[in-house]
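*Asks:* Curious how this folds, go ahead:
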Amino acid sequence: MTGLLVRSPIAVDPPAPPARRGLRTYFADPGLLAGSALVAAVVLAAISAPVVAAVVGHGPNDQFPDETLDASGLPITGGNGFLFGADGSGRDVFVRTLYGARISLAIGIPATTIAMLVGVTVGLIGGYFGGRVDAALSELTNVALAFPFLVTALSVVTLNRGTAGTTLVDPIFVVIGIIALFSWTYFARLVRNSVIELKSKPFVLAAIGAGSTPVRVLLREILPNIAPTVIIYWAVQLPTNIVAEASLSYLGVGIKAPTPSWGTMIANAQDSALYQTQPLMLIAPAGALFVTVLGFNILSTRLRSRFDPSSAR
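*Replies:* Predicted coordinates for the structure are as follows:
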């Protein structure tokens, strides 16, 4: 008589919580980690700039010619408490580079956010209502795209000049407005195309059939579905706008000296030609700009590939 074979129950581990699975997936993506690390370093540099300036005793516009200029008047590359040396005026290059991160983020983030809000509003209205409304808003978008960026920036800066070389509006707000003016169109086109695709979906038609108003349909049904794509595109557009701010400052139509913007620092190094004896005058702001753009590009690319279904197509 054969005995009965009794199988012991197989222990099955309970599924990991969604938060733990998300963290595990996050740490398994080297690109996402690298992009996050670079962005975190830039944000930390911007936040810690006043602390570093207080510790070393060097403000961004403080001049120390006795400690930083040699007998021939050329700036040092390093030493005497100046990690990256000084520029031709005896100002700490390291501290000014940290403050440049504050300027880039203080302009890039609000400009991109304003552009996103305007573009999302235009895209939602045009894509949902269609017809003449969509045609009018599409033409408005085309007109905005037709304006040349640099010429418009020069014109706005000229109009902002007051008497005796003063400015009517803070240049930071002017630069934010210029960048937002040329950025909202991309959000508008992205959102419009997404809304046209979504408004024929069954859940949207069901909401319309249930008597929901257009505002309710847009805010409760359509906007939550396109929000991830819009947020990811915000991260894509941000480094472009940071480069735009640096370009305007480099050309002299953005942030004015002595405010430490990366664009003005690069222009100062090239105009004075002191980067030949003090290369960190040019390397520090240019390298910081490169790291910032690289970090946001890597992060936004990895986020798009993971969370934006359209990127797979």
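*Asks:* What are the boundaries of the helices in the stretch 1-150 of the chain?
*Replies:* In the stretch 1-150 of the chain, the segments counted as helices under DSSP state H, counting those that start in this stretch are 18-27, 30-56, 65-68, 93-129, 131-146, 149-159.
*Asks:* Nearest to Gln278 among these would be which one?
*Replies:* When those are compared by C-beta to C-beta, helix 93-129 sits nearest Gln278, at 7.9 Å. In this view, the C-beta of every residue, glycine as well, is placed from N, C-alpha and C.
*Asks:* packing partners for the closest one?
*Replies:* When contacts are defined as 3 or more C-beta pairs under 8 Å, 6 or more residues apart in numbering; DSSP states H and E, helix 93-129 packs onto helix 30-56, helix 131-146, helix 171-181, helix 184-198, helix 223-250, helix 262-272, helix 280-307.
*Asks:* Just the residues contacting the third one, thanks.
*Replies:* Contact partners of helix 171-181, identified using C-beta atoms under 8 Å, 6 or more residues apart in numbering, comprise 103, 106-108, 110-112, 114-115, 118, 144, 147, 152-153, 156-157, 160, 167, 241, 244-245, 248-249, 254-256.
*Asks:* Give me the pLDDT for Asp92.
*Replies:* We have a pLDDT of 93 for Asp92.
*Asks:* List the single closest residue to it in space, sequence neighbours excluded.
*Replies:* Of all residues not flanking Asp92 in the chain, His58 sits nearest, at 3.9 Å (C-beta to C-beta, 6 or more residues apart in numbering).
*Asks:* Give me the distance between the one you found and Pro65.
*Replies:* Remark: distance between His58 and Pro65 (C-beta to C-beta, to the nearest Å) = 13 Å.
*Asks:* Same drill for the two, tell me which one is more crowded.
*Replies:* More crowded of His58 and Pro65, by other C-beta atoms under 10 Å: His58, with 25 against 13.
*Asks:* For Ala235, which non-adjacent residue is closest in space?
*Replies:* Of all residues not flanking Ala235 in the chain, Ser300 sits nearest, at 3.8 Å (C-beta to C-beta, 6+ apart).
*Asks:* swap in Ile114?
*Replies:* Nearest residue to Ile114, sequence neighbours excluded (C-beta to C-beta, 6+ apart): Ala180, at 4.2 Å.
*Asks:* Next: Ser272.
*Replies:* Spatial nearest neighbour of Ser272, chain neighbours left out: Gly88 (5.2 Å); criterion: C-beta to C-beta, 6+ apart.
*Asks:* mind checking pLDDT for the one you found?
*Replies:* pLDDT, Gly88: 88.
*Asks:* Isn't it up against Pro75?
*Replies:* Yes: proximity of Gly88 to Pro75 meets the contact threshold set by C-beta atoms under 8 Å, at 5.7 Å.
*Asks:* Overlap in contacts, those two.
*Replies:* Both Gly88 and Pro75 are contacted by 274, 281, under the criterion C-beta under 8 Å, 6+ apart.
*Asks:* Tell me the buried residues within the contacts of helix 171-181.
*Replies:* 103, 106-108, 110-112, 114-115, 118, 144, 153, 156-157, 160, 241, 244-245, 248-249, 254-255 (16 or more other C-beta atoms under 10 Å).
*Asks:* any low-confidence regions in the stretch 101-250 of the chain?
*Replies:* Where the stretch 101-250 of the chain drops to pLDDT under 70, the residues are 164-165.
*Asks:* how does it look with 80?
*Replies:* Along the stretch 101-250 of the chain, the model assigns pLDDT under 80 to residues 157-158, 160-168.
*Asks:* Which residue lies closest in space to the residue nearest the centre of the chain, excluding its sequence neighbours?
*Replies:* Nearest residue to the geometric centre of the chain (C-alpha atoms, centre = their mean): Leu238, 2.4 Å. With C-beta to C-beta, 6+ apart as the criterion, Leu238 has its nearest non-adjacent residue at 4.8 Å, and that residue is Thr112.
*Asks:* my guess is the one you found contacts Asn241, does it?
*Replies:* Yes: judged on C-beta under 8 Å, Thr112 makes contact with Asn241 at a distance of 5.2 Å.
*Asks:* Specify the local secondary structure of the closest residue to Val175 other than its chain neighbours.
*Replies:* Leaving aside its chain neighbours, Val175 sits nearest to Gly254 (5.0 Å; criterion: C-beta to C-beta, 6+ apart). With DSSP: H, G, I helix; E, B strand; the rest coil as the basis, Gly254 sits in coil.
*Asks:* And Gly254, how close does it get to Asn241?
*Replies:* Gly254 is 12 Å from Asn241, where distance means C-beta to C-beta.
*Asks:* so who does Asn268 touch?
*Replies:* Residues in contact with Asn268 (C-beta under 8 Å, 6+ apart) are 87-88, 257, 281.
*Asks:* Out of these, give me the one that has the most neighbours.
*Replies:* Met281 (29 neighbours).
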